[in-house]
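A.B. asks: build the 3D model from these lines:
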Amino acid sequence: MSHQVHTYTELLRQIHDDLRLQHPDWVQSNGESPICDFYEARLMELIDALTGTDVERVRESPMM
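C.D. replies: Residues are numbered from 1 along each chain as shown. Below is the predicted model:
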C-alpha cells in the first residue's frame, strides 16, 4: 500500500522501512543493515546532486 510523502524526512523514512520489508535478508539479527544504509546514503547523494540541496541538513532541520 502506498501513501503520499510530503517531506524529505517522510520520503527517507518510507525508503528506510520499505528496503527492510522488501529485503529482510539484508537485516542482521541486531536490526542493523549495512546494505540498506548504503542504499539510503547513496540516494541522499543523488538527490543532493540533482537538487543542489544538502539533504542531510534538510533532514536535520528543526522545521521537519
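
A.B. asks: so where is this protein shaky, pLDDT-wise?
C.D. replies: 1-3, 53-64 (pLDDT under 70).

A.B. asks: just the helices in it please.
C.D. replies: When assigned using DSSP state H, the helices of the chain occupy the ranges 8-22, 34-51, 55-60.

A.B. asks: pipe those into JSON lines and attach mean neighbour count per row.
C.D. replies: (Glycine included, C-beta is placed from N, CA and C.) Listed next are the helices of the chain as JSON lines, based on neighbours: other C-beta atoms under 10 Å:
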{"stretch": "helix 8-22", "mean neighbour count": "14"}
{"stretch": "helix 34-51", "mean neighbour count": "13"}
{"stretch": "helix 55-60", "mean neighbour count": "14"}
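
A.B. asks: tell me which residue of the protein is furthest from the middle?
C.D. replies: Taking C-alpha atoms, centre = their mean, the residue of the chain most remote from its mean C-alpha position is residue 29, at 20.4 Å.

A.B. asks: where's residue 5 relative to residue 49, distance?
C.D. replies: Noted for residue 5: a distance of 20 Å to residue 49, by C-beta to C-beta, to the nearest Å.
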